[in-house]
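In: Pasted the sequence and its predicted model underneath.
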Protein chains: 2
Amino acid sequence: MASPGSGFWSFGSEDGSGDPENPGTARAWCQVAQKFTGGLGNKLCALLYGDADKPADGGDSAAPRGSARKVACTCDQKPCRCSHTKVDYAFLHATDLLPACDGERPTLAFLQDVMDILLQYVVKSFDRSTKVIDFHYPNELLQEYNWELADQPQNLEEILMHCQTTLRYAIKTGHPRYFNQLSTGLDMVGLAADWLTSTANTNMFTYEIAPVFVLLEYVTLKKMREIIGWPGGSGDGIFSPGGAISNMYAMLIARYKMFPEVKEKGMAAVPRLIAFTSEHSHFSLKKGAAALGIGTDSVILIKCDERGKMIPSDLERRILEVKQKGFVPFLVSATAGTTVYGAFDPLLAVADICKKYKIWMHVDAAWGGGLLMSRKHKWKLSGVERANSVTWNPHKMMGVPLQCSALLVREEGLMQSCNQMHASYLFQQDKHYDLSYDTGDKALQCGRHVDVFKLWLMWRAKGTTGFEAHIDKCLELAEYLYNIIKNREGYEMIFDGKPQHTNVCFWYVPPSLRTLEDNEERMSRLSKVAPVIKARMMEYGTTMVSYQPLGDKVNFFRMVISNPAATHQDIDFLIEEIERLGQDL
Amino acid sequence: MASPGSGFWSFGSEDGSGDPENPGTARAWCQVAQKFTGGLGNKLCALLYGDADKPADGGDSAAPRGSARKVACTCDQKPCRCSHTKVDYAFLHATDLLPACDGERPTLAFLQDVMDILLQYVVKSFDRSTKVIDFHYPNELLQEYNWELADQPQNLEEILMHCQTTLRYAIKTGHPRYFNQLSTGLDMVGLAADWLTSTANTNMFTYEIAPVFVLLEYVTLKKMREIIGWPGGSGDGIFSPGGAISNMYAMLIARYKMFPEVKEKGMAAVPRLIAFTSEHSHFSLKKGAAALGIGTDSVILIKCDERGKMIPSDLERRILEVKQKGFVPFLVSATAGTTVYGAFDPLLAVADICKKYKIWMHVDAAWGGGLLMSRKHKWKLSGVERANSVTWNPHKMMGVPLQCSALLVREEGLMQSCNQMHASYLFQQDKHYDLSYDTGDKALQCGRHVDVFKLWLMWRAKGTTGFEAHIDKCLELAEYLYNIIKNREGYEMIFDGKPQHTNVCFWYVPPSLRTLEDNEERMSRLSKVAPVIKARMMEYGTTMVSYQPLGDKVNFFRMVISNPAATHQDIDFLIEEIERLGQDL
């Protein structure tokens, strides 16, 4: 295997031009410089070489990356510290990088070249003239490349190529016209913070190995609890791997609060427990109940009104029904921002019922929690301050990179007693610092990824007012879309009235269906419209928006806007694109 | 708030030197160049300026980052594309970055400056003359800085400062003398891959939004199953957020396999289930049982021999005992590489017992799984091919950045039927591509972080043989440590014999205790030795190694080696350091 110092990476000296003290430096510099400056690099090189067109292959971003650019080092420092080295990656392997002896120079060059690939991707992501996705079917992608893993290493030129290939077929989730999921956008400060998190490469279980991150989690969760409205921000919480797990935590803690013996004795020791959530709520409630041994049959789905909001009277009726059977209602999970309609359950009414029947009130605000940052919109979550626990995913409406989901709990200490196992190899009780910062034992996980830093840094960079501006803008865009299509020919809204969140749900009805009677055949044909338009969107790569059926409504588009890059023009574009792709159906 | 184009970031033209076509370019170039080249940047600048010492403040890495370096742009392109701009971050905010109009230049400069901070940290991480940690007590750190979150945004200069501050107090988990956890080291290809993952910022639930990553997960899990020894690599699996969750998955799937009705009906519908694992196993088994409604009392801890290996006869005895009581043994979790001793349970004997009693056999190889990559050491996991499920954390022994944990399941389709909830908003059945690649419904999570790419890219870069070399080297280092201390004055081994994994467990006995009788007082004094030495290690920042009590053994050091940067000299250093810091105790 290649090792450093044997000639396949070295310095600019062949031509002898440039820096009089270090012949060849200038040429190497040109190569480095050009990568960062696009066309202007040529000008610098012209200064050095007296020729604006040379070197034509010197690292132009359009040139194949990783191609051999060998130039010999003439410096006599040992170890040589000429960090402007150009590297011939075809002869280098991972073993030549740090911590290899003399690995510093190839490492810096390699990481910088990776970064260059990433920066190009970032810039392209925001460029409306690029595709949102260069879609290929799974079999095509599998056949087009050899993705298999082998015994022998590949050289770093190949590794850089893989990075490029991977991004070529990736979906540009930051693209201004990507509306497919609740999590869209690519925040630059969040991205920087996530790179830092990767570089720090540590684990959240103890202060010992994550001092700053543990403190930042403490500060950030406290701030979130203040915003929820719990006095002084008191309470507890954790960043968990996604909203589904956060909701599962809530269920776990609610059960433990009512029957702490369940931790040792299991469900066999407790009566039949029943959870309640709306028929529009997220599937993770049922998934959690299945996992926790409660069973999906014990999750009762409460009816919603036509806007997708839980009907409190139905909740109370079902609670009474369950109690009559001798079962124990232990959890109501209200939703603040349902996945499809963006509906907000009436939290105050739910809180009254939970209080009356002494049931744990959870609010799944994974999607809607962001609205708490907006003075204009936070009334939609009135009553959240009465919840016992709240799921709130900053990686959705607040645009924090994936993943960043918080579970907030009003009662302090409950998570710890529910989950702790006192592993003495990790949570030693005779450490020299304040052990209250070793928070790992309250988690379901052992090792836990650092998810807080990107949120914290974004918050510092934007301020609460910055999140507010983002959220107000997205809601305004949703209203803009709603206002355009509500009376536009060929559109039917799924429910009446202004959207409460950024979800705008509608059918696009192609001309051929507009005159049909409202019968089963029309529904059947209508159900095929959204999937075809979506497939065409992906094949053209112009935009992406999600669709689904719900209840008795056949496939309809669910537009959501969380992408800070989106503008009114992008909304206009979406409408035009739907019509362009769907008019022949 | 500041906006681009109003004069606080611009181009080098004040001096008029340099590029004749674009006056001032050279000065700006110097500033950019110097940041990447340290001292050599001066040489390039000298070429341009005729003075090797100028500009002294032009971006030298020791200079305060983000200080104002305003130079006016003279280019007449609109929009100006001079990407070699120097930026005055004190007047810039997050809102000036992409997707802001004209945000490209400040964005590239900002991300490049962040990257520069990260590269410096990477280089320092491997430098033995730097501290592993600059330790501060929680209250100190809380008081020294204002970490609070506010309404108003901070400028990008402050944001860059936060990045530096965060890393200043971070623990250098890649440092050659960091031995504190099972996950140590910082792999350069893995790091690059994690940066790319952050940049792609997507979610694993569907092929639609993670085409390449979904395919790579498929390829990688299949390869891991082949290595485990399942014919043709068939089976199932998932990357989960850590070994504890992987183990919980195993328990969940084992329960479902035996009693599929538990998904709907909960634990009330099934008999009392009992899981078995060794007394040295990881605490996540009990944590999982508590969460899943099984209860910690239903996890029976099987006795271990003096090396920490499960005693099969005790396992069989306890299974029979449980069956006699009418309970149902449903899971045996054997450990391949225990957390403290690094012990490998006798998997073949366990497999025979599981077969005999028709019990799901899980192998928690979170720590030991890496040894499967080594032809020399994989015999220690003989029998793993008979397991029904295996936890294997590449983020531990294989040095993949956190987090990367796989749960592998021998029977295909079981995960899907156990966990699926058919959410129609996500897993539409009328999509235009092969739906078997929409794997999200087999997860407990909804959104799921992309954990596969760093493993896949590292595997391509190192090859299986590269992982093998890493593992063989770490085990050799552990043996080197063992050979030095087993007969050295002042050391007592916790168990006899060569380590099976890289765990080396020992007491350091300071001179004052060496002549004491082996009684309670000595034990009590010995128990205080490791915590004090560890505290001193952290305060000096020279090295870090873990300690804990276990059973009747008072606090002892558990040395583990997974760090590819560690050498024989670092092992020697550790021993010297323990003696330096502990001799007065």
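Out: Thanks, I have it.

In: Going by neighbour count, which residues in the helix ranked longest in chain A are buried?
Out: Of all segments of type helix in chain A, defined using DSSP state H, the longest is helix A:452-485. For helix A:452-485, burial by neighbour count (16 or more other C-beta atoms under 10 Å in any protein chain shown) applies to A:452-475, A:477-478, A:480-482, A:484-485. Heads up, the C-betas are built off the backbone N, CA and C, glycines and all.

In: That helix near chain B at all?
Out: Yes: using C-beta under 8 Å from any C-beta of the partner chain, helix A:452-485 reaches chain B at A:453, A:456-466.

In: any idea which of these is closest to residue B:390?
Out: Distance ranking of these against residue B:390, using C-beta to C-beta, places residue A:453 first at 31.8 Å.

In: hang on, isn't the closest one packed against residue A:197?
Out: Yes: between residue A:453 and residue A:197 a contact is recorded at 5.0 Å, counting by C-beta atoms under 8 Å.

In: tell me which element the closest residue to residue A:192 other than its chain neighbours falls in.
Out: Using C-beta to C-beta, 6 or more residues apart in numbering or on different chains and skipping residues adjacent in sequence, the residue nearest residue A:192 is residue B:114, 4.2 Å away. Per DSSP states H and E, residue B:114 falls inside helix B:104-125.

In: For residue A:436, grab the count of nearby residues.
Out: When counting by other C-beta atoms under 10 Å in any protein chain shown, one arrives at 10 neighbours for residue A:436.

In: cool, and the one 10 residues further on?
Out: Residue A:446 sits with 25 neighbouring residues when counted by other C-beta under 10 Å.

In: same question, residue A:144
Out: For residue A:144, the number of neighbouring residues by other C-beta under 10 Å comes to 11.

In: Tell me the spacing between it and residue B:211.
Out: According to C-beta to C-beta, to the nearest Å, residue A:144 stands 12 Å off from residue B:211.

In: which neighbours do these two share?
Out: Common contacts of residue A:144 and residue B:211 (C-beta atoms under 8 Å, 6 or more residues apart in numbering or on different chains): residue A:136.

In: quick one, what contacts the closest residue to residue A:554 other than its chain neighbours?
Out: Computed as C-beta to C-beta, 6+ apart, the closest residue to residue A:554 that is not its neighbour in sequence is residue A:527, at 3.6 Å. Residues in contact with residue A:527 (C-beta under 8 Å, 6+ apart) are A:549, A:554-555.

In: mind redoing it with 10 Å?
Out: If you count contacts by C-beta atoms under 10 Å, 6 or more residues apart in numbering or on different chains, residue A:527 has them with A:507, A:547, A:549, A:553-556, B:430.

In: shared neighbours, residue A:453 and residue A:197?
Out: Shared contacts of residue A:453 and residue A:197 (C-beta under 10 Å, 6+ apart): A:213, B:166.

In: Hmm, residue A:352 is touching residue A:334, no?
Out: No: contact criterion C-beta atoms under 10 Å: residue A:352 and residue A:334 do not qualify, at 11.7 Å.
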